[in-house]
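Undergrad: Have a look at this prediction, sequence included:
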Amino acid sequence: KQLDVMVHIGGELVKEQVAIFEENCKQNPGMRNLLGPNSLLLNDQTLQSLVEDDRRVELFHWEYDYSPDSTLTQGIHLDSREKLFHLSKWLLSAKGMHELERRKVPSEAVAMLLERAAALMSFHPRFLHIHLIGTKCGQDLPIMDRNGKADCYVKFRVLLLHPSEAKNQRSVEVRSGIAYKTLKPVWNEKLEISLAGGILGADGYYESIGTRQMVLIVEAWDADIGFWGIGLEIVKILTFIFVCLLVFGYVSGQLDSVLLRCSGTVNWGAIILVTGASTLMLGFAVCYLMAVVWKADDEIIGWCKVPLEMLHDQREHSLFLNLQKSDGKELKENDGNGVLRVKLSMSE
């Protein structure tokens, strides 16, 4: 195994670091990748300070899923691939380089370790794979509708961490289907996002740019019928009535008399028909765009974000996403915003 080879090359230093990774994972199983792969290098005092920090809402949007059917078959123990990934990340960091120098590891061994670590960390993802399962058991969605239920669907989009760069970024958004009239939705739906910002190198390999500085924004929405939805239904009814009147007028012959009726040189009958048809078409287009395409009537349930850096170990991650309140919004039932269950991975 590659891990055994690196342990053999690095000796006691590498063994110590692997042991630290294991211990931190056992102590913090729900956040085994807190703040990305570097998190397992944090000591207990650092982790405790982060928990007590006011930024905890920003940090704890997610936790690992240890359900029996999740991908974490090893439970709170790191498998060899995770250990290898975190070890490579540490070796290539400034802290790792300083420790190698301080422990006076032979230069030949350092070169071999860095070469292997660089090869393992050379990952240029092109696609983000999302498996939306449902909600966590016992963590239902809040009540959003008068019937005591919710009609939930989920949006996923990828953005850069830096706001200045995110303004110029074209965000690709995917949506799940709607789970009607339930606080315990089960989608079991697989979605995919193409990661923007990549180039095809001279060697023919795709190279992604900035995926380690990207976050996945997850938003849960409640599908509602509001002003624009009601307007769309009214336009549909008026259109049906208008068409029925046209058919009746044509069959009875009264349509011809209306079209041929003129007042001077102005054919008011034709003008009224064209104006009515145009108004209905315009109303339908506007209401359809607002209610169906832009979903202006829908109400947000909650949101969260997941750093894509944690997915660079090329494994499938089973996560619970803790939905946060949207700014300025108060839920109708303040029993929590719900917890989504997903599986995330990236591929080249």
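TA: Cool, got the structure.
Undergrad: And the closest residue to Val18 other than its chain neighbours, how far from Glu22?
TA: Excluding the flanking residues, the one nearest Val18 by CB to CB, 6 or more residues apart in numbering is Lys83, at 5.4 Å. Where C-beta positions appear, they are placed from N, C-alpha and C, glycine not excepted. To Glu22, Lys83 is 8 Å away according to CB to CB, to the nearest Å.
Undergrad: neighbour-wise, which of the two wins?
TA: Lys83 (22 against 17; other CB atoms under 10 Å).
Undergrad: ok, now which ones touch that one?
TA: Leu3, Val18, Phe21, Glu22 (CB atoms under 8 Å, 6 or more residues apart in numbering).
Undergrad: got CSV for those residues, with distance to Lys104 and secondary structure too?
TA: Below are these laid out as CSV (distance: CB to CB, whole Å; DSSP: H, G, I helix; E, B strand; the rest coil):
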residue, distance to Lys104, secondary structure
Leu3, 23, helix
Val18, 20, helix
Phe21, 23, helix
Glu22, 25, helix
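Undergrad: Throw these into TSV and include pLDDT and distance to Leu311, thanks.
TA: As requested, the contacts of Lys83 are exported to TSV (pLDDT from 0 to 100; distance: CB to CB, whole Å):
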residue	pLDDT	distance to Leu311
Leu3	83	20
Val18	85	21
Phe21	80	18
Glu22	80	21
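Undergrad: returning to that earlier point: quick check: which element contains the residue nearest to Val18?
TA: In the assignment (DSSP states H and E), Lys83 maps to helix 80-91.
Undergrad: Can you tell me who Lys159 pairs with across the strands?
TA: Quick fix: residue 159 is Leu, not Lys. Using DSSP bridges, the beta-bridge partners of Leu159 come out as Val215.
Undergrad: Give me the contact list for stretch 6-15.
TA: So stretch 6-15 is in contact with Val18, Leu84, Leu87, Glu99, Leu100, Arg103, Val105, Ala109, Met112, Leu113, Arg116, Ala117, going by CB under 8 Å, 6+ apart.
Undergrad: what about the second one, neighbour count?
TA: Here the neighbour count serves as a burial measure; for Leu84 (other CB under 10 Å) it reads 22.
Undergrad: Doesn't Thr239 belong to a helix?
TA: Yes. Counting by DSSP: H, G, I helix; E, B strand; the rest coil, Thr239 is part of a helix.
Undergrad: quick one, what contacts Cys152?
TA: Leu141, Met144, Ile178, Ala179, Thr182, Pro185, Ala220, Trp221, Asp222, Ala223, Ile301.
Undergrad: Please repeat the previous calculation with a cut-off of 10 Å.
TA: Applying CB atoms under 10 Å, 6 or more residues apart in numbering to Cys152 gives the contacts 134-135, 141, 144, 176-185, 187, 220-223, 298, 301, 338, 340.
Undergrad: Just the buried residues from these, in ChimeraX please.
TA: Burial among the contacts of Cys152 is assessed by 16 or more other CB atoms under 10 Å; the matching ChimeraX selection reads:
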select :134,135,141,144,176,178,179,183,184,185,187,220,221,222,223,298,301,338,340
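Undergrad: can you tell me which of the contacts of Cys152 are in helices?
TA: Among the contacts of Cys152, no member falls in helices (DSSP state H).
Undergrad: Narrow the contacts of Cys152 to those in strands?
TA: Gly134, Thr135, Trp187, Ala220, Trp221, Asp222, Ile301, Leu340 (DSSP state E).
Undergrad: Quick one: residues contacting Leu128.
TA: Leu128 neighbours (CB under 10 Å, 6+ apart): 156, 158, 172, 174, 191-195, 211, 214, 216, 308, 311, 344-347.
Undergrad: 6 Å instead?
TA: By CB atoms under 6 Å, 6 or more residues apart in numbering, the contact list for Leu128 reads Ile193, Leu195, Met346.
Undergrad: quick one, what contacts the closest residue to Ile301 other than its chain neighbours?
TA: Distances taken as CB to CB, 6+ apart place Ala220 nearest to Ile301, at 4.2 Å, with adjacent residues excluded. Applying CB under 6 Å, 6+ apart, we find Ala220 in contact with Cys152, Val154, Ile301, Gly302, Leu323.
Undergrad: Relative to Val243, which of those is nearest.
TA: Cys152 (35.5 Å; CB to CB).
Undergrad: Determine the number of other residues adjacent to Ser257.
TA: By other CB under 10 Å, neighbour count at Ser257 equals 11.
Undergrad: whoops, Lys15 was the one
TA: When neighbours are defined as other CB under 10 Å, Lys15 has 12 of them.
Undergrad: likewise Phe127?
TA: If you count neighbours by other CB under 10 Å, Phe127 ends up with 12.
Undergrad: Tell me which stretches of the stretch 1-150 of the chain form helices.
TA: Taking DSSP state H, counting those that start in this stretch as the criterion, the stretch 1-150 of the chain carries its helices at 2-10, 12-27, 44-52, 56-59, 80-91, 94-102, 107-121.
Undergrad: closest one to Trp268 among these?
TA: Of the helices of the stretch 1-150 of the chain, nearest to Trp268 by CB to CB is helix 56-59, at 63.9 Å.
Undergrad: pLDDT (mean, whole number) over the closest one?
TA: The average of the pLDDT scores along helix 56-59 is 43.
Undergrad: and what of stretch 316-329?
TA: pLDDT averaged over stretch 316-329 gives 78.
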